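In: Below are the sequence and a predicted model; questions follow.
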Amino acid sequence: MRNPYLPIPVKVKKTFIESEDRMIKTLDLLFLNKEDKENFEFMPGQFCEISVWGKGEAPFGIASSPLEKDSLKFTVNRAGIVTTALHYLKENDELGLRGPLGNSYPIELFKGKSVVIVGGGFAFTTLRALTKYLLAWRKDFKGITIIYGARTPGMLLYKEELKEWERREDLKVYITVDKGDKNWQGLVGFVPTVVEKKAPSPEDAYAVICGPPIMIKFTLPKLLALGFSPERIYTSLEMRMKCGIGKCGRCNIGRFYVCKDGPVFNYAQLEKLPGEY
Amino acid sequence: MPEVERKIREEAKNLLVNKKVDFVIGFEEGTLPLRVSPVFIYKGDDTEKLIWNSFCENNLAVYLPEIGDKKVAVVAKGCDTRSIVALIVEGQIKREQIVVIGIPYQGMIDRRRIEKEVEGEILEVKEKNDEILIKGDVFEKVFKKEDYLYSSCKTCKHRNPVISDILIGEEIEERTQVDEYAEVNEYEKKSVDERWDYFNKEVNKCIRCYACRQACPMCYCEECFVDNSYPRWIGKGLDSSDLAVWHIIRAYHQAGRCVDCGSCERACPMEINLRFLTKKINKEVKNYFNFETGLDSATSPPLATFNVEDRQDFIDSGE
Amino acid sequence: MMKKISKKDMNRFIKSLLEDYTVYAPVNTDGIFSFKPIDNFQGIDPDYQNSKKPPKEIFFPQSETMFEYEKGKVTSAEKVSRKRILLGIRPCDAKANLLLDNVFAGEDYQDVYYINKRENTTIIGLGCRKPLSTCFCTSFGGGPFSKDGLDILLIDIGDKYIVDVVTDKGREILTNKFTEASEEELKLAEKIKREAEERIKSEVKIEGVKEKLDTMFESSFWDKLSERCLGCAVCTYLCPTCHCFDIDDEAKDSQGRRVRNWDSCMFPLFTLQASGHNPRPTGKERMRQRVMHKFNYFIENYKRAACAGCGRCILNCPVNIDIRKVLKEILTG
């Protein structure tokens, strides 16, 4: 019987500050044991519980796709004890990791269809994993559209990758900011407005939306108005989590545990659940 | 009692029907003998539910910091009214929002002591004058209320409400000859080791349910120190030192604020002697600052004020 | 298989077990019973009704070290050092353990700490001759002499126990002091059982509660119910089926331990997110969660309500919130 609470050893390969306010940092992690690396199979949408020895454990969405075999990428927003400790880590510092946990985006359903990815702020982490995966298997999908917004240009995550994606011909990328700066050439406006304006087609398409509750609150009606049906709109929910395996009881919405039965849900499922998230 | 009950219902109904208050906080019949339950009454007709007896042991002032901008009437015995004054002084409620239905009363019965005196489950209780009749399956016993008063009620010197908008019943003569610190003095006679052993034995019964904290009107902090993580003061488990620190700090945070109503002790499922430290601290506050909580709304609690004339002789100058 | 043993021989039997087992029995401290490891046994205290804290703590301790670590080097503390006997548990609590098994010993992830303790414990229950007025185990498919979740059930018939051996695990620990019970003795046991069952007056109708709750999420019922609730954790900590916990690191520098402690959905911090958002911001949402979890979500997941009718929450709630009344109001309100 494997003990699901024991972390496996990992270490920091490199760190990168994503945001201009320096509060969001990306960590690339390596497995210390070859066996652990080989046994670790995951799909975009899943998360891990990362332990900082001496501080505690916290859940983070995996930002890298399973095809990026080099390392596991996590983007961390500095908020409390564990995340602050993560921000102070350097190359080769050791950590613990439990995972992969939760369910993943239903990529099987997306095959042969178009995918519209809508992200806001630093909730874009697992959406990066999803995008990278879809792009690696590009022929399996029809149109791919990305709409991603942040407060300011400096707060966008994965800036280099965004530029790369914008250069590609085989996907539509719309990056927007709430407030531009003197160098910003791109769109200015809230994500819900951009979704409405760019009106991605719902025909044979799925949407995946991740962001702060306020963004989702205003973007969801726009997607529905465009003709996306609730069972074709997927999201990844945030919840306070501890065990990550559906036992400690705190992340439930109705009968489901966000850590175990989620965090990926579609809106048809959420409509049937109590509005407690 | 029937008279007091009748008056409470009448006054409550008046207040509601004439829209003087948004709701009334009082007591209703419990589902077990020896128990009552706090109740929130919004409609005049529902005031029939209100009761008053010697088991009305909760301090209803605990609900007041949460009333927002509502106007509320609250049924309160002596100690409860002192909590209300203390909450007003600490800015947690506004005087204009509260209608105090004050009830001078001899004190509440210690139901746990009664339970220990009988063999088997108590199924029925009847109060009559100064006696209570307890009935079980195979027993029937009569107790004199006076002999089974709750420990803080036994030595209480403030059995009359210190503020009230409506006073129900006649004022009682306050005790003057009783030594309310008799128990504390007994403990003080013991050696440090004996006191520490006793304290440790008690707090090691604790299950960190925080019933004591939640039942206390003065524990209204949005985030209690036990829940802080930055810095983390104590652990969340049953480590002996964590239990000791939890109770010591809780007692210290009560200094100059505790009215010794005993709600904490009565709420505690493990029957820990929670007044052990708070009563001692109350005594110290009385000695050093001549202050008792909640007696008047003009005086600030001693640990919340500073006077240039305050004693300093207990500060070690370090020479 | 029905055996019998005199109380004197029972005492000797338990004492003999102390050599190889850690024996947990109800211990009286200042009038409050709790299951503690004993080093001697003189019989079960005649005052014993039930323990204050539920015996779930034998399998799911309130505070448990999961593992210790020194940087990346982790030492797990999952194995028990000795086999155990749990003596004197009441049928309601034994049934409650089966409910907890759904959560901890489920199909998806195995909680090794809980499972290890469960597997290494032989459970000797004591039937209830005198259920309290607050007992309602029968409303949840249990009873004062129910055998669910027990390896052995003891029926006290005066100077001896009738010993109903339920499982092989129970059979394994018996000695030759356990002899065949006579026809008379069995008849007496039956009489005692019947009388006990008749004493249970509290009848809680559970049928239809889940369906009613399906429609009640937005109801103002929860505002009314949560008004008087103080927001402590007495009901959840004393409940034999509640299982929520917190995971915490207690460490200095990078050396320390990871501990699991009981937690309660009734606390405000339970669902507070790092962003500051709390899906259950007030007592109303938390009270609703408690009732819905026990009488709706748990039923949806495991086909059973998360309640054993032990009555501890009723007896210990500081403001006398009575779950029997709550369930009645849900059905009729």
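Out: Received it, and whenever you're ready, just let me know what you need.

In: now the helices for chain C?
Out: C:7-17, C:91-104, C:112-119, C:168-173, C:183-199, C:209-214, C:221-227, C:234-238, C:283-292, C:298-302, C:312-316, C:323-332 (DSSP state H).

In: try chain A
Out: For chain A, the helices defined by DSSP H occupy A:34-39, A:81-87, A:107-110, A:125-136, A:159-167, A:191-198, A:213-226, A:267-272.

In: List just the one of the helices of chain C that sits closest to residue B:64.
Out: Among those, helix C:221-227 comes nearest to residue B:64, with 12.9 Å by C-beta to C-beta. For the C-beta atoms, the positions are set from N, CA and C on the backbone; glycine is no exception.

In: need the residues of the stretch 1-150 of chain A near chain B, please.
Out: Where the stretch 1-150 of chain A comes near chain B, counting by C-beta under 8 Å from any C-beta of the partner chain, the residues are A:80, A:81.

In: pLDDT value on the spatially most central residue of chain B, please?
Out: Centroid check for chain B by C-alpha atoms, centre = their mean gives residue B:261 as the closest residue, at 2.6 Å. At residue B:261, the model reports a pLDDT of 96.

In: Can you give me the neighbour number for residue A:14?
Out: 14 (other C-beta atoms under 10 Å in any protein chain shown).

In: Could I get the contacting residues of it?
Out: Contact analysis of residue A:14 by C-beta atoms under 8 Å, 6 or more residues apart in numbering or on different chains lists A:27, A:28, A:91.

In: what's the answer for residue B:216, then?
Out: Residues near residue B:216 by C-beta under 8 Å, 6+ apart: B:59, B:62, B:254, B:258, B:263, B:264.

In: Residue C:327 contacts residue C:205, correct?
Out: Yes: if you go by C-beta atoms under 8 Å, residue C:327 and residue C:205 touch, sitting 7.3 Å apart.

In: More neighbours: the two, which one.
Out: Using other C-beta under 10 Å as the criterion, residue C:327 and residue C:205 rank with residue C:327 on top: 23 against 13.

In: Any part of the lowest-mean-pLDDT helix or strand in chain C near chain A?
Out: Among the helical and strand segments of chain C, the one scoring lowest on mean pLDDT, DSSP states H and E is strand C:73-76, with a mean of 91. Yes: looking at strand C:73-76 against chain A by C-beta under 8 Å from any C-beta, the contacts come from C:74, C:76.

In: buried ones in that strand?
Out: The neighbour-count check on strand C:73-76 (16 or more other C-beta atoms under 10 Å in any protein chain shown) flags C:74, C:76 as buried.

In: who in chain B is up against chain A?
Out: Contact residues, chain B versus chain A (C-beta under 8 Å from any C-beta): B:229, B:230, B:232.

In: picking up where we left off before, dump the helices of chain A into CSV; add distance to residue B:126 and mean pLDDT as well.
Out: CSV is the format used below for the helices of chain A (distance: least, C-beta to C-beta, whole Å; pLDDT from 0 to 100):
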stretch, distance to residue B:126, mean pLDDT
helix A:34-39, 70, 94
helix A:81-87, 57, 95
helix A:107-110, 69, 96
helix A:125-136, 66, 96
helix A:159-167, 78, 95
helix A:191-198, 66, 94
helix A:213-226, 56, 91
helix A:267-272, 52, 93
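
In: between those helices, which one is nearest to residue B:221?
Out: Of all those, helix A:81-87 comes closest under C-beta to C-beta, at 20.5 Å.

In: measure stretch B:294-311 end to end?
Out: 22 Å (C-alpha to C-alpha, to the nearest Å).

In: Residues in contact with that stretch: which ones?
Out: Stretch B:294-311 has contacts (C-beta under 8 Å, 6+ apart) with B:81-86, B:88-90, B:95, B:158, B:162-163, B:255-257, B:259, B:285, B:288-289, B:291, B:293.

In: measure residue A:258 to residue A:265 for me?
Out: Distance from residue A:258 to residue A:265, counting by C-beta to C-beta, to the nearest Å: 8 Å.

In: so what sits against both of the two?
Out: Counting by C-beta under 8 Å, 6+ apart, the contacts common to residue A:258 and residue A:265 are residue A:237.

In: Please look at residue A:157 and residue A:127 and confirm they touch.
Out: No: between residue A:157 and residue A:127 there is no contact under C-beta under 8 Å: 9.4 Å.

In: Which one's more surrounded, those two?
Out: More crowded of residue A:157 and residue A:127, by other C-beta under 10 Å: residue A:127, with 27 against 22.

In: related to what we said a few turns ago, so the residue nearest to the centre of chain B, which state does it fall into?
Out: State at residue B:261, reduced to three classes by DSSP: H, G, I helix; E, B strand; the rest coil: coil.

In: Quick check on the nearest residue to it once chain neighbours are set aside: phi, psi?
Out: Nearest-residue entry for residue B:261: residue B:79, 3.8 Å, with adjacent residues in sequence omitted and distances by C-beta to C-beta, 6 or more residues apart in numbering or on different chains. Phi and psi for residue B:79, reported as degrees, to the nearest 10, are phi -60, psi -40.

In: how much space between residue C:1 and residue C:173?
Out: 13 Å.

In: Just want to know which of the two has more residues nearby.
Out: Taking other C-beta under 10 Å, residue C:1 and residue C:173 do not tie; residue C:173 has more neighbours (19 against 13).

In: So what sits opposite the closest residue to the more buried one other than its chain neighbours in the bridge?
Out: Spatially, and ignoring its direct neighbours in sequence, residue C:173 is nearest to residue C:122 (5.7 Å; C-beta to C-beta, 6+ apart). Residues in a beta bridge with residue C:122, per DSSP bridges, are residue C:85.
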